[in-house]
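*Asks:* structure for the following, please:
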Amino acid sequence: MQRLAIFGGTFDPIHWGHLLVAEMALHQVPLDQVIWVPSLNPPYKKAALFEHRVEMLQLVTKENPAFTVSVVETNRTGTSYAINTLIDLAAIYANVHWYWIVGLDTFQTLPRWYRGHELAQMCNWLIAPRLLGSGSTIQSELICQQVEQQLRQQSQTIHWQLLNIPLVGVSSSLIRKLCSESKPIKYLVPDAVRSYIMAHNLYSKKSE
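*Replies:* Next comes the predicted model:
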C-alpha cells in the first residue's frame, strides 16, 4: 500500500517554508510521494491566477521525483473544499494510505471545515508547527489535542502527528507584502520562483 500525502494550499507563492515542510514529511513518515494541490478557488481568499501558482509549483518541484503537482481542482466548479480534493484523488490513486499535510493554524480550524468531521477520519494528519516562542512543541501538541477532543465530542476519531521541522518565519503573505513594496525576496523563495514573479510582475502594486 502506497503512503501518499496531499499538501493543499493556495501557494501564493510557494516558498522555502513549504518545501521544507514537504521534505521533512517525506522522510519522517516516511511517504512515497507528496502531491501538491493548489486551490483553484480557495474559500475566504483572493489569490493570483491559478495558472501562475501552478507554474511556480512545477518549476520548483520537478527535480524531486517524490513530489508531484496535481491540477485536479481544475475539474471542479465553485469553491475548493478539501474533502472533494481527497475524494477526487482517491479515484485516481488506488491502494493508498492517505495523509494530509497542513499548518497548525489551519488544522486548528478543521472541525469547522465543510464536512470536516468526515474528512478527519479519511486520512492521517501531518501538522507543521508554527512559531509560538519557548515551549512551542508543547503548545503545538496542546492545540492538536484540543482539535482531537472537539472531534471526539462528535464521536469522530482522528490520527495526527507533529512534524519535526525547523521553524522558519516565512509566509506567502510576507512575500506578497515585500513584492508590493518593491523589496527583495531573495532567500525567501527559490530563484526560479523569484524570477517568475519578476517576469510576470506578480504581487506588485501595478499587477492586475
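*Asks:* who's in contact with the nearest residue to Asp12 once chain neighbours are set aside?
*Replies:* Leaving aside its sequence neighbours, Asp12 sits nearest to Ala47 (CB to CB, 6 or more residues apart in numbering; 4.4 Å). Every residue, glycine included, has its C-beta placed from N, CA and C. By CB atoms under 8 Å, 6 or more residues apart in numbering, Ala47 lies in contact with Thr10, Asp12, Ser39, Arg53.
*Asks:* low-confidence ranges in the chain?
*Replies:* The chain contains residues with pLDDT under 70 at 43-44, 131-135, 206-208.
*Asks:* and the helices in it?
*Replies:* 16-28, 50-61, 82-92, 104-107, 116-120, 136-152, 172-180, 191-199 (DSSP state H).
*Asks:* can you check which of those gets nearest to Met1?
*Replies:* Comparison of those against Met1 by CB to CB identifies helix 82-92 as nearest, at 12.9 Å.
*Asks:* for Ser172, what are its contacts?
*Replies:* Residues counted as contacts of Ser172 (CB under 8 Å, 6+ apart) are Thr10, Phe11, Asp12, Pro13, Ile14, His15.
*Asks:* with respect to His117, which of those residues is nearest?
*Replies:* Distances from His117 to the contacts of Ser172, taken as CB to CB, are shortest for Thr10 (23.7 Å).
*Asks:* the closest one contacts Val37, correct?
*Replies:* No: with contact defined as CB atoms under 8 Å, Thr10 does not reach Val37; the gap is 10.5 Å.
*Asks:* looking at these two, which one has more neighbours?
*Replies:* The neighbour comparison of Thr10 against Val37 (other CB atoms under 10 Å) goes to Val37, with 25 against 18.
*Asks:* relative to Met24, how far out is the more buried one?
*Replies:* 18 Å (CB to CB, to the nearest Å).
*Asks:* and what of Tyr114?
*Replies:* With distances taken as CB to CB, Tyr114 is found 28 Å from Met24.
*Asks:* between the contacts of Ser172, which sits nearest Leu59?
*Replies:* Nearest to Leu59, judged by CB to CB, of the contacts of Ser172 is Ile14 at 8.7 Å.
*Asks:* what is the neighbour count of that closest one?
*Replies:* When counting by other CB under 10 Å, one arrives at 27 neighbours for Ile14.
*Asks:* try Lys205
*Replies:* Lys205 has 9 nearby residues by other CB under 10 Å.
*Asks:* ok, it touching Cys179?
*Replies:* No: between Lys205 and Cys179 there is no contact, the gap being 9.0 Å when judged by CB under 8 Å.
*Asks:* got any residues that touch both of the two?
*Replies:* Shared contacts of Lys205 and Cys179 (CB under 8 Å, 6+ apart): none.
*Asks:* ok, and the closest non-adjacent residue to Glu148?
*Replies:* Of all residues not flanking Glu148 in the chain, Ile158 sits nearest, at 5.5 Å (CB to CB, 6+ apart).
*Asks:* for that neighbour, phi and psi?
*Replies:* For Ile158, the backbone dihedrals (degrees, to the nearest 10) come out as phi -150, psi 140.
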